[in-house]
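1. sequence unknown, structure follows:
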């Protein structure tokens with residue numbers, strides 16, 4: 001492995017170096033292993049709670065308006081149907097709103 005232009009690079013068999021910026025950025029950021037682990041753990045917790053809130057809100061909205069949808073838009077248990085697609089999109093919209101609000 002060699003360092004080139006601030007990036008960690010892997011040297012290919014032909015002598016050319018392929019940059020890997022994601023490793024170089026972490027390597028050069030000055031993080032200690034403990035602080036990086038704490039930051040990653042905090043980020044994972046934030047993402048988990050955002051996702052959980054979005055899924056619960058999206059499902060609550062979908063199931064509260066499901067009876068108003070046409071029959072094709074209503075989910076049938078144990079089937080892949082348009083109801084699942086509508087439910088997924090509602091959860092995705094809720095996730096976008098949660099991300100905007102932060």
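-> That came through fine. All values reported here derive from a predicted model rather than from experimental measurement.

2. wait, residue 83 sits on residue 76?
-> Yes. Taking CB atoms under 8 Å as the definition, residue 83 is a contact partner of residue 76 at 6.9 Å. Where you see a C-beta, it was placed from the backbone N, CA and C, and this is true even at glycine.

3. between these two, who's got more neighbours?
-> Each of residue 83 and residue 76 has its neighbours counted (other CB atoms under 10 Å); residue 83 has more, 20 against 11.

4. nearest residue to the more buried one other than its sequence neighbours?
-> Sequence neighbours aside, residue 75 is the residue nearest to residue 83 in space, at 2.9 Å (criterion: CB to CB, 6 or more residues apart in numbering).

5. hang on, that neighbour in a strand?
-> No. Counting by DSSP: H, G, I helix; E, B strand; the rest coil, residue 75 is not found in a strand; it is coil.

6. what separation is there between it and residue 46?
-> 30 Å (CB to CB, to the nearest Å).

7. ok, those two, which is more surrounded?
-> Comparing residue 75 with residue 46 by other CB under 10 Å, the one with more neighbours is residue 75, at 18 against 11.

8. A strand includes residue 38, no?
-> No. With three-state DSSP as the criterion, residue 38 is located in helix rather than a strand.

9. so how far is residue 98 from it?
-> As judged by CB to CB, residue 38 and residue 98 stand 23 Å apart.

10. same question, residue 76
-> The spacing between residue 76 and residue 98, counted by CB to CB, is 28 Å.

11. name the residues of the one helix or strand residue 89 maps to that come out as buried.
-> Using DSSP states H and E, residue 89 falls within helix 82-101. By neighbour count with 16 or more other CB atoms under 10 Å, helix 82-101 contains the buried residues 83, 86-87, 90-91, 94-95, 98.
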